[in-house]
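> For reference, the sequence and a predicted model appear below.
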Amino acid sequence: MKLANLLAQYLYTNKRLDLPGIGTFLLDPSINLDNEKTKHSALSESISFKSNSSLHDAPELVKYISEKSGKMRVLAESDLESHLQIVQQFLNINKPFSFEGIGTLVMIKQGEFAFTPGNINPRIKDDPERDKQVLTKKDNVDAKYQAFLATPAVKTPWKKPVIALLILAGIGLAIWGGYTISTNKASEEIVTDSNNNESTVVVPDSTANKLTGDTINQATVQPLNYKYVLEITKGSKALKRFKQLQDSKLANVVQLETKDSVQYKLFVLLPTSRDTTRIIDSLTAFLGKKVYIEHQN
């Protein structure tokens, strides 16, 4: 038996039909479909409807469909949900939906529906041999609604955006991780170079004077350094930038100088023995600006 007929049959038997998200159909309790006079009369006014979009489930109806169709309860519930989704689609686009043997609904505003009673069809109740037939997809709604079944099933709209967002987040994390590793490596190299530079200062041996007795003019040997210019800028901007670099891993090596109190130069001094090309590339990647060498004598 078609699901539409099972809904009418349930209403005729129980005098009440609750449809989740839509409302409740009521049949006048005084109506007796076993009475011969009732079978041949149009009792449209005996059916009424109350809008109630807050209805969430109808366990007794699902159980009834399961028993009559011979399907498992889970499948019966799925069939009912699919049928009600189609009903909602029609109502949401202001199209009337007809329930066989019950009547027609049309939406008048969100959550409220106008009901036009139809004629009771006692034959629906009098055909027990069809109750055990397995429900098919085509039997879920009347034939005039079959064209809508050919459209793809409604899928959850949030899945694709969430998947795309996760992919973008993964790419972003990969780029950020690569940049962080590169920045840390560059900073560590610069700090290491600075420490090596400080440790190469030669301290003159004071005992040499005592041993020879001659006055020897000794000069402290200083290694030859390259000045790596990080940025040249003005006034408060230079001071702000200098403070930012002091809070980074360049804190131990960054320096600031000016000749005219207008232009300020941010730089670091590193030994010439190091790989200058690699250091320039590392500093440029760390600062996001082109770094160059200003040679020192």
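That came in fine, so what should we check first? Numbering: from 1, shown residues only.

> Look up which helix or strand Leu166 falls in, please.
Element membership for Leu166 (DSSP states H and E) is helix 159-199.

> Also Tyr64?
Counting by DSSP H and E, Tyr64 is part of helix 59-69.

> now Leu91
Assigned by DSSP H and E, Leu91 belongs to helix 73-92.

> All the strands of the stretch 151-297 of the chain, residue numbers only.
Ranges of strands in the stretch 151-297 of the chain, per DSSP state E, counting those that start in this stretch, are 225-234, 255-258, 263-271, 292-295.

> could you dump the ones you listed to a markdown table with distance to Lys249?
Glycine gets a C-beta too; all of them are placed from N, C-alpha and C. As requested, those are arranged in a markdown table below (distance: least, CB to CB, whole Å):
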| stretch | distance to Lys249 |
| --- | --- |
| strand 225-234 | 13 |
| strand 255-258 | 15 |
| strand 263-271 | 11 |
| strand 292-295 | 20 |
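
> will you turn the ones you listed into a markdown table that also has mean pLDDT?
Below are the strands of the stretch 151-297 of the chain laid out as a markdown table (pLDDT from 0 to 100):
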| stretch | mean pLDDT |
| --- | --- |
| strand 225-234 | 90 |
| strand 255-258 | 91 |
| strand 263-271 | 90 |
| strand 292-295 | 85 |
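
> Would you tell me which one of these is buried the most?
strand 263-271 (a mean of 19; mean count of other CB atoms under 10 Å).

> tilt between it and strand 225-234?
Interaxial angle of strand 263-271 relative to strand 225-234 (axes from the mean of the first three to the mean of the last three CA atoms, to 10 degrees): 160 degrees.

> What's the mean pLDDT across stretch 243-252?
Across stretch 243-252, the average pLDDT comes to 89.

> Who is Phe97 paired with across the strands?
As for beta bridges, Phe97 partners with Leu105 under DSSP bridges.

> what sits against the residue nearest to Ser51 when sequence neighbours are not counted?
Spatially, and ignoring its direct neighbours in sequence, Ser51 is nearest to Gly23 (4.4 Å; CB to CB, 6 or more residues apart in numbering). Contacts for Gly23 (CB atoms under 8 Å, 6 or more residues apart in numbering) come out as Phe49, Lys50, Ser51, Asn52, Ser53, Leu55, Phe113.

> ok, and the most crowded of these?
Phe49 (22 neighbours; other CB atoms under 10 Å).

> quick one: Met107 is in a strand?
Yes - applying DSSP: H, G, I helix; E, B strand; the rest coil, one finds Met107 inside a strand.

> Tally up the residues packed near the nearest residue to it once chain neighbours are set aside, please.
In space, and not counting its chain neighbours, Met107 is closest to Leu91: 4.4 Å by CB to CB, 6+ apart. As a burial measure, Leu91 scores 18 neighbours (other CB under 10 Å).
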